[in-house]
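**Q** Mind folding the following:
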Amino acid sequence: MFCEGSTTVGMKSDTDMFTSRDNHLVVLEEKGWCKEKWNLLAFKDEDTPPQFYKLWRMEHDKLGYITEPLHSTDAVDDQGRVLVSNKCFDEDMESIVGHLVQHKSTTHGPQVNVGGLISHGPSRSWTEQIDYVNALPCDTLPEECQFLFERPRPGHWPKQKSLEYAKQCPAFFVPQGPPNVVIEDRILQWRLSTTLIERQLMFDLTEVQMLVYILLKMLRVCYIKPHFDDKLSTFHFKTAIMFTIESHLPDIWRRDNLLACTNFCFNTLLRWIKLRFCPHFTTKGVNLFNGKLSRHELKQLESVIMQIRDNIVWHICNLEMDMFGLRVMDKIGIRVLPFEIKNPKKKSNHKILKKVIGTVSFEISYLTEVLALQYNRLGPDVALERVSLQLHHLNSMKATESELVCEAAILFIPYLYGTLATIRASLCIASNQSVTQDIHQLYALSLECDLMSGKLKYASMLYCSGQYVQAAQLLTHCEGLLGLDVAHFCGCFSRRYSHRSNRYLEKGLNTNAVDLNKTSSTLCVKFSRHELPCVPEHLRYEMYRTQTLEDRKKRYSTNEWMDLVVIDCQLLLYYLQFLVYRQMGQQDRQAVALQNLSRYFKFSRQEKKIGHIETAANVAAHCCELMNRPDKAWIIYKQSLELCPNNNAAWMHLITLFRKHFCDLQI
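**A** Okay, here's the model as predicted:
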């Protein structure tokens, strides 16, 4: 997911999500073939325009070419080459998120493919609010992209250091064919993308240059988009400002010269419109107007942009987005309804905060998933060594890097301490040894990773090692932390969920990201296979939810979290309370915990909360089993399967329950 910070609340920007399929590799020459990857050879023929390639399937385990289609969308050309269609990921996406698709009919609305997903260019999504792009990485930077580093330029921008970073960025192929081509040819071509290079260049903009870019985007949305929709896109304006910065002296980019700089960018666009050619900043030979605007539309567009440029002050003062025009007039002394300006500002801050906090929380959730999966593939000793090494690196970064990097390290270090403690505690429990004091000290360092997940991992270990009194005390403390100013997040793909109250947002306005994460945010809890002895036995089955061929078909690379034990924070709290109070013989407190657990599951179903709702059902059913209510457990397991028919541990629990109580159940 990329963020350049070039939007405002009123722009109602969508979220761009970009996923590189790293198990694939596109090579430009046969010698780039890599074992253990799904290799594809990129090539051009007389049908492929600039920036587009066809992808030829290669063998997986040896150098050579596949002769039969592997996927239903593959095609064989007249030379017998098996080509990969740019529709190859659509079936996977449809299976995962097709039921969430929000269809919307507009004049220039989204293209909707056969599978039902919303399609904008290379994006396939289930909602207008998200652009989700699956991309294939390229082994080397294609020749046409070297154009950026070889063509003559004045030299002041991009900076040499930024160009050096950009050279290290990979190129990608995204599923989009060329415009104005018959559908049979279009679906067999892939567009070359330099999105990481462009992102690096955007990070090289000064504050004033970024302000100009944001202003251009606001003017586009308010005055150009109503007439031309997205035919003149944000990318055209990004390209225009890049070429303008490159060709104009750096000393013009000042706050007191914002309007002139904005008009310089409009002049760049107007020159291209007259030439009927908009170059690509990083890729040679591409005309960004192709397939977007006809000659007639370009003539109309020229007139609209000239009108904005020649009356720039009027157009800015009349910008309604974010009440920008009113704020400008208020700033220069024209008092127009000042009371209307104040309240929307607070509302805007809340919306911005939702985006920022959500991004931070989901990124932490994703990173904990990636690392846990990494440990899954290692032996316990190697996993311990890897965690220790990562902790050493992060602690070094905290001490030596910039303030921003230091904050990021501080956010993540406690999660690694929790993982290190739990793997070591698991080795003790598995060998029937007591958990040592130094492990308890490691847990102490993990408690502030967020509000509760570190504490609950510790409580789970205490329960599994028979330390029920200490576990009960810690769980009581956790329950006391819950409140209206606490936000709950889950970043697992297809289970993604967030709940944030206004009180939480109010707190966030006056709290930095690290402190807000520690005091008011909860993330779902993840256990790798080396941590299983610290997980209640029934919950361990969540790691083995994929059992049948049908399960495997319904699982995709984005569902790798299913190889972990993952459970929502509040859910784990109530489940552990039930188990601990049961062991301690405290029936009243056990009943309250079950009531809270049942209420949590019921609320999740009614509110259609995503999260790990099937796990909520499975632990609630297990509690019923322990209360000697197999009939009720059976009903809840079936409800779990109604919610998630595949990749659900409820199937195993139902089989076990059936065997135990066959004579008593009325099926």
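**Q** which stretches of this structure aren't confidently modelled?
**A** Within the chain, the segments meeting pLDDT under 70 span 1-5, 8-14, 95-116, 322, 326-359, 509, 557, 606-610, 662-667.
**Q** Look at Asp592 and say how many residues are nearby.
**A** Quick fix: residue 592 reads Val, not Asp. 15 (other CB atoms under 10 Å). All C-beta atoms are positioned from the backbone trio N, CA, C, and that covers glycine.
**Q** I meant to write Lys457 there.
**A** Neighbours of Lys457 (other CB under 10 Å): 27.
**Q** In contact with it, which residues?
**A** Contact analysis of Lys457 by CB atoms under 8 Å, 6 or more residues apart in numbering lists Gly418, Ala421, Thr422, Tyr443, Ser446, Val525, Phe527, Cys534.
**Q** hmm, 10 Å instead?
**A** With contact taken as CB atoms under 10 Å, 6 or more residues apart in numbering, Lys457 is in contact with 415, 418-419, 421-422, 425, 443, 446-447, 449, 525-527, 531, 534-535, 572.
**Q** got it, and Lys238?
**A** Per CB under 10 Å, 6+ apart, neighbours of Lys238: Glu4, Ser6, Glu198, Leu201, Met202, Tyr213, Leu216, Lys217, Phe281.
**Q** State the helix or strand in which His315 lies.
**A** His315 belongs to helix 312-317 when elements are defined using DSSP states H and E.
**Q** scratch that, Thr656 is what I was asking about
**A** Using DSSP H and E, Thr656 falls in helix 650-661.
**Q** re earlier: next, the buried residues of the helix holding His315.
**A** Neighbour-count burial for helix 312-317 flags Ile312, His315, Ile316, Cys317 (criterion: 16 or more other CB atoms under 10 Å).
**Q** out of the contacts of Lys238, which one sits closest to Phe243?
**A** Nearest to Phe243, judged by CB to CB, of the contacts of Lys238 is Phe281 at 6.5 Å.
**Q** what about the closest one, how many residues close to it?
**A** So Phe281, with other CB under 10 Å, has 21 neighbours.
**Q** which ones are touching the residue lying closest to it once chain neighbours are set aside?
**A** Once flanking residues are discounted, Phe281 sits nearest to Met242: 4.7 Å by CB to CB, 6 or more residues apart in numbering. By CB under 10 Å, 6+ apart, the residues touching Met242 are 157-158, 198, 201-202, 204-205, 209, 213, 265, 268, 280-282.
**Q** Identify the neighbouring strands of the longest strand seen in the chain in the sheet and state each direction.
**A** Across the chain, the longest stretch assigned as strand under DSSP state E is strand 130-137. For strand 130-137, sheet partners with direction are given as strand 15-20 (parallel), strand 172-174 (antiparallel), following DSSP bridges.
**Q** Tell me the buried residues in the longest one?
**A** By neighbour count, with 16+ other CB under 10 Å as the criterion, the buried positions of strand 15-20 are Thr15, Phe18.
**Q** returning to that earlier point: sort out for me which of the contacts of Lys457 are in helices.
**A** Tyr415, Gly418, Thr419, Ala421, Thr422, Ala425, Tyr443, Ser446, Leu572 (DSSP state H).
**Q** Look up how far Leu394 lies from the fifth one.
**A** Using CB to CB, to the nearest Å, one obtains 18 Å as the distance from Thr422 to Leu394.
**Q** more crowded one of those two?
**A** Neighbour count, other CB under 10 Å: between Thr422 and Leu394, Thr422 has more, with 28 against 21.
**Q** Tell me who's in contact with that one.
**A** Counting by CB under 10 Å, 6+ apart, Thr422 touches 387, 439, 442-443, 446, 454, 457-458, 460-461, 527-528, 530-535.
**Q** got the phi/psi numbers for the spatially closest residue to Pro414 that is not a sequence neighbour?
**A** When the adjacent residues along the chain are set aside, Pro414 lies closest to Cys449, with 3.5 Å between them (CB to CB, 6+ apart). With angles defined as degrees, to the nearest 10, Cys449 sits at phi -60, psi -40.
**Q** what's around Ser123, how many residues?
**A** Ser123: 21 surrounding residues under other CB under 10 Å.
**Q** ugh, wrong one, I meant Gln437
**A** Look at Gln437: counted by other CB under 10 Å, it has 7 neighbours.
**Q** same thing with Leu259?
**A** By the criterion of other CB under 10 Å, Leu259 has 13 neighbours.
**Q** Ok, Lys161 next?
**A** Here the number of neighbours of Lys161 (other CB under 10 Å) works out to 9.
**Q** Return the residues in contact with the closest residue to Cys278 other than its chain neighbours.
**A** Spatial nearest neighbour of Cys278, excluding adjacent residues (CB to CB, 6+ apart): Leu288 at 4.0 Å. Residues near Leu288 by CB under 10 Å, 6+ apart: 51, 232-233, 235-236, 239-240, 272, 277-281.
**Q** now do 8 Å
**A** Applying CB under 8 Å, 6+ apart to Leu288 gives the contacts Phe235, His236, Thr239, Cys278, Pro279, His280.
**Q** between these, which is closest to Pro226?
**A** His236 (16.3 Å).
**Q** Do I have it right that that closest one meets Leu269?
**A** Yes - if you go by CB atoms under 8 Å, His236 and Leu269 touch, sitting 7.0 Å apart.
**Q** So for these two, which residues contact both of them?
**A** Taking CB under 8 Å, 6+ apart as the criterion, His236 and Leu269 both touch Cys278.
**Q** For Gln433, give its distance to Arg500.
**A** Here Gln433 is placed at a distance of 42 Å from Arg500 (CB to CB).
**Q** who's more crowded, these two?
**A** Arg500 (21 against 11).
**Q** which residue sits closest to that one, ignoring its sequence neighbours?
**A** Computed as CB to CB, 6+ apart, the closest residue to Arg500 that is not its neighbour in sequence is Ala487, at 4.2 Å.
**Q** and the one you found, what does it touch?
**A** Neighbours of Ala487 in contact, by CB under 8 Å, 6+ apart: Ile357, Ser361, Ser498, His499, Arg500, Ser501, Tyr504, Ser520, Ser521, Thr522.
**Q** These: which two are farthest apart?
**A** Ser361 and Ser501 (14.6 Å).
**Q** Compare those two (neighbour count), which wins?
**A** Ser361 (25 against 14).
**Q** quick one: secondary structure of that one?
**A** Three-state call for Ser361 (DSSP: H, G, I helix; E, B strand; the rest coil): helix.
**Q** quick one: contacts of the helix or strand Cys478 falls within?
**A** Applying DSSP H and E as the criterion places Cys478 in helix 468-481. If you take CB under 8 Å, 6+ apart as the criterion, helix 468-481 is touched by 451-452, 455-456, 458-459, 462-463, 573, 576-577, 580-581, 583-584.
**Q** Over to stretch 647-657?
**A** Contact with stretch 647-657 is made by 538, 541-542, 544-547, 551, 554-555, 559, 562, 614-615, 617-618, 621-622, 625, 630, 633-634, 637-638, 640-641, 644, 665, as judged by CB under 8 Å, 6+ apart.
**Q** among the residues you listed, which ones are buried?
**A** Neighbour-count burial (16+ other CB under 10 Å) applied to the contacts of stretch 647-657 gives 538, 541-542, 545-546, 551, 554-555, 559, 562, 614-615, 617-618, 621-622, 625, 630, 633-634, 637, 640-641, 644.
**Q** Those residues in strands, which ones?
**A** Going by DSSP E, the strands hold none of the buried ones among the contacts of stretch 647-657.
**Q** Just the ones of the residues you listed in helices?
**A** Secondary structure from DSSP H places 538, 551, 614-615, 617-618, 621-622, 625, 630, 633-634, 637, 640-641 of those in helices.
**Q** can I get the CA coordinates of stretch 60-80 in PDB?
**A** Provided in PDB are the C-alpha atoms of stretch 60-80 (Å, rounded to 0.1, in the frame of the first residue of the first chain):
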ATOM      1  CA  HIS A  60       8.900 -24.400 -13.000                       C
ATOM      2  CA  ASP A  61      11.800 -26.800 -12.200                       C
ATOM      3  CA  LYS A  62      14.000 -26.600 -15.300                       C
ATOM      4  CA  LEU A  63      14.900 -24.100 -18.100                       C
ATOM      5  CA  GLY A  64      12.400 -24.500 -20.900                       C
ATOM      6  CA  TYR A  65       8.800 -23.700 -21.900                       C
ATOM      7  CA  ILE A  66       5.500 -25.200 -20.900                       C
ATOM      8  CA  THR A  67       3.500 -26.600 -23.800                       C
ATOM      9  CA  GLU A  68       0.100 -27.000 -22.300                       C
ATOM     10  CA  PRO A  69      -2.000 -24.300 -20.600                       C
ATOM     11  CA  LEU A  70      -1.800 -24.400 -16.700                       C
ATOM     12  CA  HIS A  71      -4.700 -22.100 -16.000                       C
ATOM     13  CA  SER A  72      -8.100 -21.800 -17.600                       C
ATOM     14  CA  THR A  73      -7.300 -18.300 -18.700                       C
ATOM     15  CA  ASP A  74      -4.000 -19.200 -20.500                       C
ATOM     16  CA  ALA A  75      -4.000 -19.100 -24.300                       C
ATOM     17  CA  VAL A  76      -1.800 -20.700 -27.000                       C
ATOM     18  CA  ASP A  77      -0.700 -18.400 -29.800                       C
ATOM     19  CA  ASP A  78      -0.200 -19.400 -33.500                       C
ATOM     20  CA  GLN A  79       3.500 -20.300 -32.700                       C
ATOM     21  CA  GLY A  80       2.500 -22.700 -29.900                       C
END
